[in-house]
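Student: Model the following, please.
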Amino acid sequence: MRRRRRIVVVPTTLVVLLAAGWTGGWYWAAGKVEAQAQAFAANPPPGVTVDPGTVSVEGFPLTFTVESQAPSLRRIDGLTWNAAGVVATAKPWTLPEVGFVIAPPQRITLPGSPALIAEVKGSGSGSARIGSDGKPNRILLTLSQVELSGGLLQAPLPIARVNGSVDRAPEEAGAGAAASLDIEGLETPDLGLQAMGRRVDMVAARLTVLGPLPKAATAPELAAWRTAGGKLRVDNLALRWGPLVIDAGGTLDLDDKLQPQGTLTAKIRGYGPVIEDLQKAGVVKERDAGFAKVGLDLMAGQPAADGTRTVTAPITIEKGRISFGPLQVAKLPEIRWKD
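Tutor: Numbering: from 1, shown residues only. Predicted coordinates:
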């Protein structure tokens, strides 16, 4: 009889000890998370101001759920971010992956003169893979119901969905970071472009930053990045807008005035209706449009079965001008970086 009691008592005692250990460990870890959030806010990276808002840790016993109400971030170059709240969730068996949800409204200000502002009216979600140094090696992010304003935009641009990713210091030698961006359902103002319409079906980019990453988008940091051989490699840039299909790739950098320059090689299909639209809208003169279409048709060669032609030609950015082959299509205003 005593032997049976011992058999029962020993496992029960082990369960109690394990439960007590897990409970103590969970609350210890929760306290560490809260303390680290406050420590990061008190000692952020140089040039960055962080307000974590009100932080709480919940989810006992199987999950760590960290909630921050009204967090915000400001960087010396003018980049700012704030949201109604962020909830990050991690489970011991899924680490180092951490999932998060961002509650709207959310506002992002990108540095520039004037600044570009993104108002996020829908939810945001994503995940981060944390490295051994405690910093994220990979971030995935999805935002819905985004509206862009300011910058070079003449009117607000609503976007249905934005998907992005950032990989810190990929294995490729000399790369500082790799990023991707996919924009779906962008609505342009009425530009008078009948063939193209107002809805841009898709804009996608795959980018690799070469050279040590600038700490901020300021003139001194960008000048140092340029001197160190910094470049932006465009692995793929894709646009789907009405009949227009563009796929391009190449390399961009900064000139001695810290303005963008470079050349992309582009494959473009459906350019005919676009040139006609630009001519009707008064963007391109009739004579220039005629020369451009004839020149591009000669470069493209024979049309496909559906009558469309595909041309491979350079897109050049130089001295504030964007040219496609022989046709100058746009002028870029000077970017004034903060000191």
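
Student: Chain neighbours aside, what residue packs nearest to residue 201?
Tutor: The spatial neighbour of residue 201 that comes closest, neighbours along the chain excluded (Cβ to Cβ, 6 or more residues apart in numbering), is residue 240 at 4.3 Å. All C-beta atoms are positioned from the backbone trio N, CA, C, and that covers glycine.

Student: What of residue 245?
Tutor: Residue nearest to residue 245 in three dimensions, not counting chain neighbours: residue 269, with 4.4 Å by Cβ to Cβ, 6+ apart.

Student: again with residue 51
Tutor: Computed as Cβ to Cβ, 6+ apart, the closest residue to residue 51 that is not its neighbour in sequence is residue 72, at 4.7 Å.

Student: Please verify my assumption that the one you found contacts residue 79.
Tutor: No. Counting by Cβ atoms under 8 Å, residue 72 does not reach residue 79; the two are 11.6 Å apart.

Student: More neighbours: which of those two?
Tutor: Between residue 72 and residue 79, counting by other Cβ atoms under 10 Å, residue 79 is the more crowded of the two (18 against 15).

Student: distance of that one from residue 214?
Tutor: Look at residue 79 and residue 214: by Cβ to Cβ, to the nearest Å, they are 12 Å apart.

Student: just the helices in this structure please.
Tutor: Listed in chain order, the helices of the chain (DSSP state H) span 2-42, 219-227, 271-280, 286-300.

Student: For the second one, name the packing helices and strands.
Tutor: Here helix 219-227 is seen to pack against strand 244-254 when contacts are counted using 3 or more Cβ pairs under 8 Å, 6 or more residues apart in numbering; DSSP states H and E.

Student: Mind listing residues that contact the strand it packs on?
Tutor: For strand 244-254, the surrounding residues in contact (Cβ atoms under 8 Å, 6 or more residues apart in numbering) are 196, 222, 225-226, 230-239, 260-271, 273-274, 315, 317.

Student: Which ones among those residues lie within strands?
Tutor: Judged by DSSP state E, the subset of the contacts of strand 244-254 located in strands is 231-239, 260-269, 315, 317.

Student: Drop anything exposed from those residues.
Tutor: Among those, those buried by neighbour count (16 or more other Cβ atoms under 10 Å) are 231-234, 237, 239, 261-262, 264, 266, 268-269, 315, 317.
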